[in-house]
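> Have a look; sequence and predicted model below, questions after that.
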Amino acid sequence: MEKLMNFKLKIWRQKNCEERGYFKTYQIHNISPNSSFLEMLDILNNKIICEKKDSSPISFDHDCREGICGMCSLYINGRAHGPDNLITTCQLHMRHFHEGETIYVEPWRAKPFPIIKDLVVDRSSFDRIIISGGYISVNTFGKTIDGNMIPIPKDQVDKAFDAATCIGCGACVAACKNRSAMLFVSAKVSQFALLPQGKIERKKRVINMINKMDEEGFGSCTNTRACEIECPKGISTEYISLMNREYIQSFTF
Amino acid sequence: MKNTFKLNSKIPLSSLTHKWEDHKSTLKLVSPNNRSNIEIIVVGTGLSGGSAAASLSELGYQVKAFCYQDSPRRAHSVAAQGGINASKNYKGDNDSVYQLFYDTIKGGDYRSREANVYRLAEISSNIIDQCVAQGVPFARDYAGYLDTRSFGGTKVSRTFYAKGQTGQQLLLACYSSISRQIGIGRIKMYNRHEMLDLVIVDGVAKGIIARNLISGKIERHAAHAVVIASGGYGNVFFLSTNAMGSNASAIWKVHKKGGFFANPCFTQIHPTCIPVHGNYQSKLTLMSESLRNDGRIWVPKKLEDAISIRNGYKKPENINEEDRDYYLERRYPSFGNLVPRDVASRAAKERCDKGFGIENNETKEGVFLDFRFSIEKYGKEKENELGIQQSSLLHNNKLGKEIMESKYGNLFHMYEKITNDNPYHTPMKIYPAVHYSMGGLWVDYNLMSSIPGCYIIGEANFSDHGANRLGASALMQGLADGYFILPYTIADYLSECITEKISTKHIAFQLSEKNVKNRIQKLIKNNGNMPVDFFHKKLGNIMWKYVGMSRNHIGLCKAIKRIQELRYEFWKNIFVPGNIDDGLNSELEKAGRVADFLELGELMAMDALNRKESCGSHFREEYQTKEGEALRDDVHYKYVSLWEYKENHPVSDEIMHKENLNFTFVKVQSRSYK
Ligand SMILES: Cc1cc2nc3c(=O)[nH]c(=O)nc-3n(C[C@H](O)[C@H](O)[C@H](O)COP(=O)(O)OP(=O)(O)OC[C@H]3O[C@@H](n4cnc5c(N)ncnc54)[C@H](O)[C@@H]3O)c2cc1C
Ligand code: SF4
Ligand code: FES
């Protein structure tokens, strides 16, 4: 039989954007090392509900629980998405923690991500950046040319794909001391800059997106590269360089 | 005003190959200057809703789009791994519109509508071109052309993919199209909003009641037409591959307002998921079916080996070749590991029921998916290509593993994170899990439900997959509906209401809002003792046991009774913390959804009980061949069952109607994959 585990949790509780938040301590027992971090929180929440002592269980964001929707977002023991690399919080398992350990759980902390409640933050600033130009302006009427009429070298499409794997979780911002969104924005800019279809609008796109990013209050990049370390999809800071090049070129030509 | 609508599937009369073209040319139009006065509500922004919202607003309509997540980019379509079908014949394996159509009809066990499926196959090519133009980084070969792979139930390679993240890439493209329209101001996006009722004015759909999940406010939204694209209802089983928030509430509300529910008992069980490992588990994880291209499925031949593996005394690597039972290859030599999902799922269950399961869990359910052979094969091929003469097994494995990584890297990574096992070294453990709902709201050929003005698209409708869905065809259907079908067919309806003004002050809105508020109040004020999850898990157990992979008369009767008891218990003993005017309250959200599942579950069991045949995902133990294969009854059950809700009556009083299925183009045959 697997050995069950016990933890002490210090969890950030905050009623809404205006009120002050605080850490609250919870004890949790008999957790399977194979359960995920979010499953552990489910168990805790059901306990809170049954005991009827707290007025409400802990709010946190989640949906797919398989590391792809980008919804989950916890800051665990001082790291975005917790101690393991290349995964999201929902993919983190309790076997990564020690028996009896005290675990700190906080929301993403960044001005452009206001706290909604407890561990839930508002990341709609990311949507607004995409709305400002993170697309190819093709209509969806189906009058496009055959897909094979646009051959793309494999290496290039693979590189574009790697950039496109960003799930918009915001860990890069949360991990960055400047609260910069450069990794997120550069991933989208690069995906399109690397594809022939995206070349036509590249200048407009990079300028609009960068301006919007600044307007939303994200900081600038000082090459600390914390974003790259915490990014669950392994998006490389290479793309930030690529975006910078795109940005400069958009003025020169 | 209800019941004035006569059930008419509106399938055009022309020959199958011309139906869609001919039909399109007779549909009524709305002129561009009128479109900006017309408002359309789209509930759901996954692939189907997102593509519909983008296309409708490009045409010039005003669109209000809703989703319960914080951004359309997170809709559950994002999780689709394997790929999307299209009959482009790029691989020269003689694929064609007809072949795709035929495979889909056969795969669905002749329980889908011929006309719809043919249209889907015709449109499939367009989808790929459209998505390439939008910047989807589909996999390509070294010459730069689009690559494909194979999925179950077909003998051609027609599945386009972007590693194991096809759904994500397609959804992001769709999301960027929506984003562009939001920027222009034609789509108004309501994130973190949940539709809680459909509003009907004079017999037609005119709006919805939604809850703002952040503020808790109940809002009224009016429109000239309502499109529901809210995805599948697999979460009725609690454990499934669906996202945690996936729910049936939107379609259930439409059903209760007069939308016929079609084939509710058809839920697909997917054969390649990670087995259940503990009762704390909140969901199951899919391992894409594409893995079956390169994996061989087996269990030990000898019972004692299975027991030793379960107990950890033996490793799968130590079982000799001759002691392994590659049961799919044995039973279905011509399709082997690539048989359709229903067949593969049942075969796994059969082995585990006989005691050969290999997973050390409560139910001892699990089989191996072994990649060793492909790793060796690819390694060898790569060596030949590189001109390496003296090969060592080690070297060969390394090259082979690299190739596997480039194909399935993220899936292997995901598997390892969950199970702590490395599938490059040891076979994966898999077992069937609930995955997809083929049933859903009934729609006519124009995708309109039995309520005028209310359209249903994507997984939420019933139309294209029959009793079983072949892999990589849900994404295809979602995008076909949203990009290329609905935008044409909805105009036919809208052309009648260009001068109409609608107001949310109408009494129908007031009533709906009142009902929604009452229900919330009832849930919160109940102050019982049990949390929502308790009931959801219990329901899931009943469903899996009696309405799962195989069903029988006694079990289904039991299920109906138990669900009714559980529903009674729920309304007596549910505890939802918080206050009525609180904002974010995920327990309240869940409670509403589970209350609906508790009704839908009963209807699913009723439908399964009624269908006295085995077909596709619906396996009635009483109706099987000597070899244990599904035994269809085309004389009595070649129909779509349509359930009609009777106002103020319990689910058990629902009436069933039939839409007979006619096949003119294909010969209805017994389905064999031998
Ligand atoms: C793990 C997994 C892998 C899959 N892999 C493949 C594959 O490889 N190939 C393939 O073809 N298919 C695959 N499928 C199936 C396919 O992904 C889905 O059938 C399809 O994406 C459904 O799309 P949809 O637009 O109908 O719904 P969804 O993408 O589920 O979107 C539902 C939308 O409705 C919204 N919504 C729901 N209820 C409400 C409400 N009450 N109020 C407001 N909004 C609401 C949600 O917010 C969301 O935006 C897979 C499915 C799963 C679960
Ligand atoms: S770049 Fe990485 S960390 Fe940032 S949003 Fe994308 S996936 Fe998340
Ligand atoms: S819940 Fe979807 S990425 Fe974690």
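Yep, that arrived. Numbers count the residues shown, from 1 in each chain, chains lettered A, B, ... in the order given. Ligands and ions are numbered 1, 2, ... in the order given.

> per-residue pLDDT, B:Thr4?
Per-residue pLDDT puts B:Thr4 at 41.

> quick one: contacts for residue 215?
Picking chain A for this. Contact analysis of A:Glu215 by CB atoms under 8 Å, 6 or more residues apart in numbering or on different chains lists nothing. Glycine gets a C-beta too; all of them are placed from N, C-alpha and C.

> hmm, I had chain B in mind actually
For B:Ser215, the contact set (CB under 8 Å, 6+ apart) comprises B:Gly583.

> what helix or strand does it sit in?
Per DSSP states H and E: B:Ser215 is located in neither a helix nor a strand.

> quick one, phi psi at B:Val434?
Main-chain dihedrals, B:Val434, degrees, to the nearest 10: phi -60, psi 140.

> Kindly tell me how buried it is, as a neighbour count.
Close neighbours of B:Val434, defined as other CB atoms under 10 Å in any protein chain shown, add up to 28.

> So it is in contact with B:Met604, correct?
No - the criterion here is CB atoms under 8 Å, and B:Val434 misses it with B:Met604 at 11.4 Å.

> Mind listing the shared neighbours of these two?
Shared contacts of B:Val434 and B:Met604, counting by CB under 8 Å, 6+ apart, come down to B:Thr267.

> Distance-wise, check the closest residue to A:Val189 other than its chain neighbours relative to ligand 1.
Spatially, and ignoring its direct neighbours in sequence, A:Val189 is nearest to A:Met243 (4.6 Å; CB to CB, 6 or more residues apart in numbering or on different chains). For A:Met243, the distance to ligand 1 equals 29 Å [CB to the nearest ligand atom, to the nearest Å].

> Could you look up the SS state of A:Met243?
helix (DSSP: H, G, I helix; E, B strand; the rest coil).

> Might you report the residue contacts of it?
A:Met182, A:Val185, A:Ser186, A:Val189, A:Ser190, A:Ala193, A:Val206, A:Ile210.

> Ok, A:Ala187 next?
Contacts for A:Ala187 (CB under 8 Å, 6+ apart) come out as A:Ala163, A:Ala164, A:Thr165, A:Cys166, A:Ile235, A:Tyr239.

> Save those residues as CSV, and put in neighbour count too.
Compiled in CSV, the contacts of A:Ala187 are given as follows (neighbours: other CB atoms under 10 Å in any protein chain shown):
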residue, neighbour count
A:Ala163, 25
A:Ala164, 27
A:Thr165, 22
A:Cys166, 25
A:Ile235, 23
A:Tyr239, 26
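
> Ligand 2: which of these is nearest?
Using CB to the nearest ligand atom, A:Cys166 comes nearest to ligand 2 of the contacts of A:Ala187, at 3.3 Å.

> what's next to stretch B:305-320, contact-wise?
Stretch B:305-320 has contacts (CB under 8 Å, 6+ apart) with B:299-300, B:323, B:355-360, B:364, B:368, B:370, B:426-427.

> In a helix, A:Lys8, correct?
No - counting by three-state DSSP, A:Lys8 falls outside a helix, being strand.

> Roughly how far does it sit from A:Phe97?
Applying CB to CB, to the nearest Å, the value for A:Lys8 to A:Phe97 is 11 Å.

> who touches both of these two?
Joint contacts of A:Lys8 and A:Phe97 (CB under 8 Å, 6+ apart) are A:Ile103.

> Among these two, which residue is more densely surrounded?
Under the neighbour definition other CB under 10 Å, A:Lys8 and A:Phe97 were set side by side, and A:Phe97 has more, 21 against 13.

> Is the more buried one in contact with A:Ile103, as I believe?
Yes - judged on CB under 8 Å, A:Phe97 makes contact with A:Ile103 at a distance of 6.4 Å.

> What is the longest helix along chain B packed up against?
Assignment by DSSP state H gives helix B:393-419 as the longest helix of chain B. Counting contacts by 3 or more CB pairs under 8 Å, 6 or more residues apart in numbering or on different chains; DSSP states H and E, helix B:393-419 packs against helix B:372-386.

> so what's A:Trp108 up against?
A:Trp108 touches A:Ser73, A:Tyr75, A:Ala80, A:Val121, A:Arg123, A:Gly170, A:Ala171, A:Val173, A:Ala174, counting by CB under 8 Å, 6+ apart.

> Neighbour count says what about those residues? Which are buried?
A:Ser73, A:Tyr75, A:Ala80, A:Val121, A:Arg123, A:Gly170, A:Ala171, A:Val173, A:Ala174 (16 or more other CB atoms under 10 Å in any protein chain shown).

> The contacts of A:Ala187: which ones sit near ligand 2?
Restricting these to those within reach of ligand 2 (CB under 6 Å from any ligand atom) leaves A:Cys166, A:Ile235.

> hey, where'd the helices end up in chain A?
Counting by DSSP H, chain A has helices at residues A:37-51, A:124-131, A:154-164, A:171-175, A:182-194, A:202-215, A:226-230, A:238-252.

> Surely B:Ser179 touches A:Ile136?
No - with contacts defined as CB under 8 Å, B:Ser179 does not count as touching A:Ile136, sitting 11.2 Å away.

> Comparing those two, which residue is more hemmed in?
B:Ser179 (27 against 20).

> which SS state does that one fall under?
With three-state DSSP as the basis, B:Ser179 sits in helix.

> any idea how far B:Met189 is from it?
In this view, B:Ser179 and B:Met189 are 9 Å apart by CB to CB.

> Mind listing the shared neighbours of these two?
With CB under 8 Å, 6+ apart as the test, B:Ser179 and B:Met189 both reach A:Asp127.

> Now the buried members of the contacts of stretch B:305-320.
B:Val299, B:Pro300, B:Phe356, B:Gly357, B:Ile358, B:Glu359, B:Lys364, B:Phe368, B:Asp370, B:Thr426, B:Pro427.

> Helices - which of those land there?
Assigned to helices by DSSP H, none of those qualify.

> I'd guessed B:Asp323 sits against B:Pro300; true?
Yes - in this structure, B:Asp323 is within contact of B:Pro300 by CB under 8 Å, at 6.1 Å.
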